[in-house]
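Novice: no FASTA, just this:
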Ligand SMILES: NC(=O)CC[C@H](N)C(=O)O
């Protein structure tokens, strides 16, 4: 969470919760007073009933959802959020905090995000402060344990209510560790999540086999439809970079392939004037605006499935300084003549070590990608500036002759550590 404080353990939001004071006597006979704070909305959404609140409902929710993976495994689970049947690709995310930013990262379109952190939902949702886009585009959320209470001073609603309103399916009580091990061993897997008891496991399995995410243009479903100006900066309460603005106000045109708001906030905080344009915005129109720089944003799916975006990048590079993040980095790699490939299970989390080869410095970074640029495919003159220290894959590129730089990971880090905020143009 670059723009905000960690929201892990804070005070309760009184508008959503009820509390009761209890007394008890400990072993030494002293009277203790303690307060039980429970969020009733969260309780009902979870299927739990707290008898202290006076209800007589069945206390435990039984499995009412299934995740069927393409390898034929069936994972019984309990549903929260929306119900229905949804197909997607399962990816695991190792972030400890920031599930709301992950839910609203458009790059997760078509994917089920499985959180390896077992305890999710305890801080609820901080609408709209922590939103990374206007919508949730992911296919669904898979977690081990859904917090039975929501406790945070910034909370506006419980996670389950938020997902239900946005028609996003969630499942909990899933052995997320076992699925993660399977994904690490066998590579990414497609799957179907369903609360529909009329569908057999075999039918769901067939659905997972007939659906594909490779070769599909997912950018067009998440990009804005018309250009707009962005002015919001990082809230002064959360600003951590005291270097402030760079003095001159640069005009940046940002291609929205699924852009996260914190990229725009961090740019605005340095004093940039920003025009966000749709993914199909013609390069000629961008060049007419005479910007100081062009940003190619993050975005979902296969970079090989969007040749029109690669063409736009090709028309702009060499004429204006450019910077790419994640999908933008992959499109730049292709525009320079390189190739992208699908990784075994990708990188998703807030704890990926990256080496900046030019500064010989290690950054702990936020990442979310399933594809990477093959450095061997790049033409002479293109420099690999960063590598991922977990697997040695390409994490950054530069082509100084054409004023190009790009990162495979997320320097805006929302959620995530701030190590990469400076040094790549965000200071
Ligand atoms: N965050 C992103 O831009 C993701 C890039 C691309 N969709 C991938 O999965 O590799």
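Specialist: On my side now, so go ahead. Everything quoted here is computed from the prediction, not taken from an experiment.
Novice: make it CA atoms for all contacts and neighbour counts henceforth
Specialist: OK.
Novice: can you list the low-confidence ranges for the stretch 301-427 of the chain?
Specialist: 422-427 (pLDDT under 70).
Novice: which bits of it sit near the ligand?
Specialist: Where the stretch 301-427 of the chain comes near the ligand, counting by Cα under 6 Å from any ligand atom, the residues are 301-302, 326-327, 368-371.
Novice: among these, which pair sits farthest apart?
Specialist: 302 and 368 (13.0 Å; Cα to Cα).
Novice: where along the stretch 1-150 of the chain do the helices fall?
Specialist: 40-46, 99-103 (DSSP state H, counting those that start in this stretch).
Novice: which stretch in those helices is the model least sure about?
Specialist: Of all those, helix 40-46 carries the lowest average pLDDT, namely a mean of 39.
Novice: mind telling me what element residue 364 is part of?
Specialist: strand 361-374 (DSSP states H and E).
Novice: swap that for residue 192, sorry
Specialist: Assigned by DSSP H and E, residue 192 falls in strand 189-194.
Novice: tell me which strands and helices that strand is in contact with?
Specialist: Judged by 3 or more Cα pairs under 8 Å, 6 or more residues apart in numbering; DSSP states H and E, strand 189-194 is in contact with strand 65-69, strand 85-93, helix 201-210.
Novice: who wins for most neighbours among the residues of the stretch 301-427 of the chain next to the ligand?
Specialist: The member of these that has the most neighbours, counting by other Cα atoms under 10 Å, is residue 327 with 31 neighbours.
Novice: isn't it up against residue 299?
Specialist: Yes. Counting by Cα atoms under 8 Å, residue 327 does reach residue 299; the two are 5.2 Å apart.
Novice: who touches both of those two?
Specialist: residue 257 (Cα atoms under 8 Å, 6 or more residues apart in numbering).
Novice: what's the closest non-adjacent residue to the residue in the stretch 101-250 of the chain positioned nearest to the ligand?
Specialist: Closest residue of the stretch 101-250 of the chain to the ligand, Cα to the nearest ligand atom: residue 107 (4.8 Å). Residue nearest to residue 107 in three dimensions, not counting chain neighbours: residue 300, with 3.8 Å by Cα to Cα, 6 or more residues apart in numbering.
Novice: how about residue 248?
Specialist: Nearest non-adjacent residue to residue 248 (Cα to Cα, 6+ apart): residue 271, at 7.2 Å.
Novice: again, but for residue 276
Specialist: That would be residue 254: by Cα to Cα, 6+ apart, it lies 4.7 Å from residue 276.
Novice: who does the one helix or strand that neighbour maps to pair up with?
Specialist: Using DSSP H and E, residue 254 sits in strand 251-256. Paired neighbours of strand 251-256 in the sheet (DSSP bridges): strand 273-278 (parallel), strand 293-296 (parallel).
Novice: what about the longest one, average pLDDT?
Specialist: Right, the one you point to is strand 273-278. 98.
Novice: ok, residues contacting the helix or strand just after that strand?
Specialist: Sequence order places helix 283-288 as the next helix or strand after strand 273-278, per DSSP H and E. Residues outside helix 283-288 that contact it (Cα under 8 Å, 6+ apart) are 253, 312-313, 315-316.
Novice: pull out the buried positions in stretch 65-74.
Specialist: Going by neighbour count (16 or more other Cα atoms under 10 Å), the buried part of stretch 65-74 is 65-70, 74.
Novice: touching, residue 138 and residue 114? I think so.
Specialist: No. Residue 138 is beyond contact range of residue 114, at 11.1 Å (criterion: Cα under 8 Å).
Novice: which of the two has more neighbours?
Specialist: Taking neighbours as other Cα under 10 Å, residue 138 and residue 114 compare with residue 114 leading, 26 against 23.
Novice: do you know how far the more buried one is from residue 145?
Specialist: 12 Å (Cα to Cα, to the nearest Å).
Novice: now swap in residue 267 and tell me
Specialist: Where residue 145 is concerned, residue 267 sits at a distance of 36 Å (Cα to Cα).
Novice: with residue 323 instead?
Specialist: Taken as Cα to Cα, the span from residue 323 to residue 145 is 39 Å.
Novice: residue 371 touches residue 339, doesn't it?
Specialist: No. Using Cα under 8 Å as the test, residue 371 is too far from residue 339 to be in contact (10.3 Å).
Novice: pull up the pairing partners for the strand holding residue 192, direction included.
Specialist: In the sheet, strand 189-194 lines up with strand 65-69 (antiparallel), strand 85-93 (antiparallel) (DSSP bridges).
Novice: residues touching residue 192, list them.
Specialist: Contacts of residue 192 by Cα under 8 Å, 6+ apart are 66-69, 85-88, 204-205, 207-208.
Novice: for residue 99, that is, sorry about that
Specialist: Applying Cα under 8 Å, 6+ apart, the residues contacting residue 99 are 120, 415.
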